[in-house]
Structures are given as structure tokens and as C-alpha cells.
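**Q** for reference, the sequence and a predicted model appear below.
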Amino acid sequence: MRGMVLWLSVAIVLGGIVHIAAMLVIPTLAPMSAFSRFEATMQSNQARVLEPVDAKQMPFPFASPDVVYVLCRYDVSATPVRLSASTENVYWSVGIYEPDGGNYFHINSMQSTSPNADILLLGRGQEADLGNDVTIVRATHPSGLIILRLFMRDRTMVKSLKEKATAARCSAFVPEDADEEPDATLPAEDADSSPAEDVDSSPAVTGSTN
Amino acid sequence: MRSFIKFIIYTTIGITLGLGSTWYVLDEGISLDAVSVGAWTVRTQAGQPIADPYTSAYVARIGHIPLNIEEAIYFFTSIDDEGVPLDLACTYMLTGPGLRSAWWSLSAHLPDGSVIDNPAQRFSFTQATLLFDEDQTFRLTVSPQAQPGNWLPTAGSGPFVLVLRLHGPAADYVRAPETTPVPGIERESCP
């Protein structure tokens, strides 16, 4: 009897360890997670416009039908990454995510000093200054997701917001005085769907970091 | 040999307990930071870099990509004010005041997060598309049958989820989400 109680205790402790381990790895390994879903289908440092939500398209679960999403899977291991979009007269927000889904930076049009969404994401040891209209963010992780959200008042804005989204740029950033030519700045890829990233706050950051 | 067999049996029991409890917690959407507001639930740490592990796992499992609560508050519900599961075949009346945030919307989804196909191809309302009464409150009917006024169509039968998103929410909502005047959800009829 005593032996059985001991074995059962061991089983319960083991169950607890398995439970804790599973809960901790799921954000990174879950195939449905944002980063997992978009990692396989997106090139890094390139913007992609997600098709607006309707009955036939769901870019990701519980996406808002009234938002146009632009995603950029960033990689700042070699160079900074810049996301820019002409977003005047539109309520917008930018969220930057770690691969496990942690949203370490966010800013919206009411907090930004510029009417346009313009973010420069720096990796470890990288520095740049592009003036007050560009928000500088220090990445907490070398890769992750940047998501620009453009909010509709109503569905009649789908076309105009999609045009703004398609013109958004996300690309590796090389200062003009650098020896090497900057990477090509590609327009947003218009795709059926796709997702994510990580950051640390920088003393130069405008907006909110976590 | 006997000890080895016991080891295998109880190790299997332990692993089954661990994985089973993980599945249960995720399936039920249990998290330590959940705050109930009427029929609605908000996970206050969803999207936080250092969040309650249950919330992080839940968010990863459903594939949602939430912003930090300072930027957006997401209220979810799959029940009405009486605690009865929402059914696509039923008619519900949502009533509430306008909400203080830069932008907000209300949408209906199937449990997998997709929107509900309907002849009107209407999936949501924003604060700009809702019709408000003179007292600045709104009444929104969620129903498979066409309704006058604010009508959010559903179709079919089975469970569904309502999502209320507040982007750029008022600071007091962020500090105390339970004080947000979320809409009430009254079931009016069921076939």
C-alpha cells in the first residue's frame, strides 16, 4: 500500500512537470500560432497585405473584418528593418511581436509624431537616427513580426485602405553613407493571408514598449 | 522486473495526467488573468511579452494575434447574460452605451475564428456604422432573420462567439477592464 502511494505520488509530480513544460513550449511550438503560420509562407523583411476578412478568407483566427492588415516578418540580425506607410487621415496602429506572440512595442496614429506609420527597428548594437518623424525601436529578439493595422470606419474604405497597405514598405535598412548598396525596397506583397517577432525598449523609442 | 513494469505504468499515468490537464486547460480557455465583465471575458495579459503562461498558450493555440492591453482590449463571449451558450439559430439583443476608445468594433465569429457567412455579407459593426439612439446608447440585433435597425446577421445553428475590440481604449478601461460598460446580451427567441 505504501509503495503504491509512493508510485502514485511520483506519477502526480511527473504529471505536473509535463503539464508545466507543455504550457511553456506551446506558445513557441503551436502550429496555429501567428509566427508559425507566417514563418513558412513569408520572406523576411518584406511587407505582405492580408486580404480583408470575409466569409471566404480568414487571414488568422478572430481577425477583425474592419481592419486591413500589413505583416512583415522581420529579421534584424544583419541590418535594421524599416516599415513605412502613407497613412494620413487614417487611424492606424503598429504592433511588434516576438516569435512567441509577445507584443513588446505598439504605437498608434494618435501617439505618433508623424501622420504616417514609419518605424525603424534596430537589432543588437545597431544605431541610426532618421529624425523625429521616424520611430526608433530596439528589437528584443532578432526576428519576429511587425503588424500594421489600418482601421476602417466602414466597409466602403476597403479599397482605399488596401491601396495604402499595398504601398507600404518593409525592408532592410542601410544608411545612405554606408559602403554597401541598400537592399531593394519592395512593395507590399498582396497575398491571401499570412503572420510575427520580438523587441526591447530603446531609450529613443516613441510610443509604448513593454 | 516488477519494479520496471510499475515504473512504466506510473510514468504513463503521469504523462497522461500532464498532457490531459494541459488539453483540458486549453480547451476550456482557463487562464489566470481572465476578468469577467457581464457575459464577456477579457484576458488582461494577452499579447504581453511576459504573460501568464496559460494565456500565452491559449492565444497561441487559437492563433489570435492580440495587441498589448494598453493598445487594445479584446472582450470575448460565447454565452448570453444568463450564461446560456450562444446559438446561431437564436435572436439576441445587445444593448449598451458608446465606448470611449479611438476605434471599436463588434463582430460575430464561428468558434474557429472565421466570420459567419450570410446573405448580407455583413460581419461586424464599428462605432461609425452603428446607429445610436438619442441617449447615445445602441441596440444591436444578432439574428438569422432580417431585423430593422442595427442587424448583425447569423446563419445556421450551433455555437458562435462575439468579439468586442477596443483599440486605443480609455485609460480607465485599461486600468480596470471590469468597469468597461460592455453591451448586455439578452436572448430574445430561439426556434
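**A** Yep, it's here. Residues are numbered from 1 along each chain as shown, chains lettered A, B, ... in the order given.
**Q** the strands in chain A, which residues?
**A** A:47-50, A:67-75, A:81-85, A:92-97, A:103-108, A:117-122, A:135-138, A:143-151, A:169-172, A:189-191, A:208-209 (DSSP state E).
**Q** which of those strands sits closest to residue B:86?
**A** Residue B:86 lies closest, by Cβ to Cβ, to one member of these: strand A:67-75, at 22.9 Å. Just so you know, the C-beta spots here come from the backbone N, C-alpha and C atoms, and that holds for glycine as well.
**Q** give me the distance from the top helix by length along chain A to the chain's centre.
**A** Once chain A is assigned using DSSP state H, the helix that runs over the most residues is helix A:2-29. The chain centre lies 34 Å from the centre of helix A:2-29; the measure is Cα atoms, centre = their mean, to the nearest Å.
**Q** put together a markdown table for the strands of chain A, with mean neighbour count on each row.
**A** What follows is the strands of chain A, written out as a markdown table (neighbours: other Cβ atoms under 10 Å in any protein chain shown):
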| stretch | mean neighbour count |
| --- | --- |
| strand A:47-50 | 26 |
| strand A:67-75 | 27 |
| strand A:81-85 | 25 |
| strand A:92-97 | 28 |
| strand A:103-108 | 27 |
| strand A:117-122 | 24 |
| strand A:135-138 | 23 |
| strand A:143-151 | 26 |
| strand A:169-172 | 22 |
| strand A:189-191 | 15 |
| strand A:208-209 | 19 |
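**Q** can I get the ones you listed in CSV including mean pLDDT?
**A** Compiled in CSV, the strands of chain A are given as follows (pLDDT from 0 to 100):
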stretch, mean pLDDT
strand A:47-50, 94
strand A:67-75, 95
strand A:81-85, 95
strand A:92-97, 96
strand A:103-108, 95
strand A:117-122, 95
strand A:135-138, 94
strand A:143-151, 95
strand A:169-172, 94
strand A:189-191, 52
strand A:208-209, 52
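**Q** burial count for residue A:2?
**A** 6 (other Cβ atoms under 10 Å in any protein chain shown).
**Q** so is the longest helix of chain A next to chain B?
**A** Yes. Against chain B, helix A:2-29 shows contacts by Cβ under 8 Å from any Cβ of the partner chain at A:7-8, A:10-24, A:26-28.
**Q** quick one: the strands in chain B?
**A** Using DSSP E, the strands of chain B run over residues B:34-37, B:40-43, B:72-77, B:91-97, B:101-109, B:124-126, B:137-143, B:150-153, B:161-169, B:184-189.
**Q** roughly how far does residue A:1 sit from residue A:131?
**A** Taking Cβ to Cβ, to the nearest Å as the measure, residue A:1 falls 76 Å from residue A:131.
**Q** which one of these two has more residues nearby?
**A** residue A:131 (8 against 5).
**Q** tell me the buried residues in stretch A:148-162?
**A** A:148, A:149, A:150, A:151, A:152, A:155, A:157, A:161, A:162 (16 or more other Cβ atoms under 10 Å in any protein chain shown).
**Q** let me know the closest of those residues to residue B:180.
**A** Closest to residue B:180, out of all of the buried residues of stretch A:148-162 and judged by Cβ to Cβ, is residue A:151, at 18.9 Å.
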